[in-house]
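1. Need coordinates for the below:
(one chain, ligands or ions: 2)
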Amino acid sequence: MKNILVIGSFGQIGSELTPELRKRYGSSHVVAADLCPKPDSPLADGPVEKLDITDAEALAGLVKKYSIDTIINLAAILSAVGEKKPMLAWNIGVNGMLNCLEVARELGCAVFTPSSIAAFGPDTPADDTPQDTIQRPCTMYGVTKVTGELMSDYYFKKYGVDTRSVRYPGIISNVTLPGGGTTDYAVEIYYDAVKKGSYTSPLGAGTFLDMMYMPDAIDACINLMEADPSKLKHRNSFNISAMSIDPEMLAAEIRKHLPGFVLNYDIEPVKQGIANSWPNSMNDSCAREEWGWKPNWNLQDMTADMLKVVGEKFAKGLI
Ligand code: NAD
Ligand code: SER
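-> Residues are numbered from 1 along each chain as shown. Ligands and ions are numbered 1, 2, ... in the order given. Presented below is the predicted three-dimensional model:
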């Protein structure tokens, strides 16, 4: 990767991936693009562009302007919002992604478009979910992810476009709040623990889902894109995980730091239904074998770090 375009760079993942890419590849080599870029953001330390991913001409224009060789496509409508706006989720998740693939084919770029645990559905084996298995999701978000995986493999096999991706689990982070997914609770719980000493979970006790702390999610993207292509038997997309947890496990870990923390439940049926259709825990052995995937953060270390950082934000009046 030399010149990188990050589309959706102001979202939960992009707001941390973009600075890390700039650290490693140089600020002027990483272009932050989004629908409505915020002018006062820390990302203003390098090139920032307004881009609607559904505008193929504008996308091609940016790729030419900055001699882009790698497109990191993070634009998406996440699972819970996607159920409210399915056509928007399809337009951005599928038509936007196809624009990336077509521009990459014409102008010679590599493409990273994350998939998700949402690419699986109720027919998929829920425990130790294999890399290659049944994928019949029941959300529009999941449908866009399976389509993205298939189209990315198609462009690699038919045109040689260097497409690679991971199936991210729920990402836990403390810079930008998540954008309307089913796993958002695992971020909100830390913020409410610090601010209120309690949290009301939309998912019930015993709802196990794969999760990951943001530094591991960033490493996964960069390490996969830098991996030796001759070692990749899979491409789109690799299962990756760091932990499989439910709300009770999160609460118990938070109580080690904040003993009075109270967890309540008010189940949101749509989110609960989505979560029930996703794996409890994915098997990520192919990613480990083919490009050396290995998470560095577990529940204990992540919780200590989340409470420290969110606590500092609270003390400064930032949240
Ligand atoms: P997010 O919702 O926080 O950010 C998405 C960004 O895309 C936003 O900044 C938004 O403004 C931008 N965007 C929306 N429509 C656009 C358009 N038409 N043109 C350009 N930009 C547009 O999402 P995220 O959590 O950062 O997710 C990034 C990627 O990772 C997505 O593909 C998502 O499906 C995937 N993923 C995320 C998680 C997670 O837990 N965060 C888990 C699995 C997969
Ligand atoms: N965090 C995402 C969601 O819940 C999973 O892809 O929608």
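
2. what secondary structure does the residue of the stretch 151-300 of the chain found nearest ligand 1 sit in?
-> Here the stretch 151-300 of the chain gets closest to ligand 1 at one residue, Gly179, 2.3 Å apart by CB to the nearest ligand atom. Placement of C-beta: from N, CA and C, glycine included. Under DSSP: H, G, I helix; E, B strand; the rest coil, Gly179 falls in the coil class.

3. So it is in contact with Gly82, correct?
-> No: counting by CB atoms under 8 Å, Gly179 does not reach Gly82; the two are 10.4 Å apart.

4. Just want to know which of these two has more residues nearby.
-> Gly82 (27 against 17; other CB atoms under 10 Å).

5. got a list of what that one touches?
-> The neighbours of Gly82, taking CB atoms under 8 Å, 6 or more residues apart in numbering as the test, are Leu88, Ala89, Gly93, Thr139, Met140, Tyr141, Thr144, Gly180.

6. How about the second one, nearest residue that isn't a chain neighbour?
-> Yep, that's Ala89 we're talking about. Gly82 (3.6 Å; CB to CB, 6 or more residues apart in numbering).

7. Model confidence at that neighbour, what's the number?
-> Listed pLDDT for Gly82 reads 98.

8. what comes into contact with the helix or strand harbouring Leu307?
-> Using DSSP states H and E, Leu307 maps to helix 299-315. For helix 299-315, the external contacting residues (CB under 8 Å, 6+ apart) are 172, 174, 190-191, 193-195, 213, 243, 245, 249-250, 253-254, 256-258, 297, 319.

9. again, only this time at 6 Å
-> Asn174, Tyr190, Tyr191, Val194, Tyr213, Met243, Glu253, His257, Ile319 (CB atoms under 6 Å, 6 or more residues apart in numbering).

10. What residues does this structure have near ligand 1?
-> 7-8, 10-14, 34-35, 51-54, 74-76, 78, 92, 96, 114, 116, 168, 170-171, 178-179, 181, 183 (CB under 6 Å from any ligand atom).

11. near ligand 2 too, which of those?
-> Leu78, Ser116, Gly170, Gly181, Thr183.

12. Let's see which of those residues end up in strands.
-> Ser116, Gly170 (DSSP state E).

13. wait, which of the ones next to ligand 2 among the residues of the chain next to ligand 1 is closest to ligand 2?
-> Looking across those and measuring by CB to the nearest ligand atom, the closest to ligand 2 is Gly181, at 2.4 Å.

14. looking at it, that closest one is touching Leu78, isn't it?
-> Yes: between Gly181 and Leu78 there is a contact under CB atoms under 6 Å: 3.7 Å.

15. the helices in the stretch 1-150 of the chain, which residues?
-> 14-25, 56-65, 79-84, 86-90, 97-107, 140-159 (DSSP state H, counting those that start in this stretch).

16. and the helix or strand that the longest one is followed by, how far out from the chain's middle?
-> With elements assigned by DSSP H and E, the helix or strand that comes after helix 140-159 is strand 163-164. Here the centre of strand 163-164 is set off from its chain's centre by 15 Å, with CA atoms, centre = their mean, to the nearest Å.
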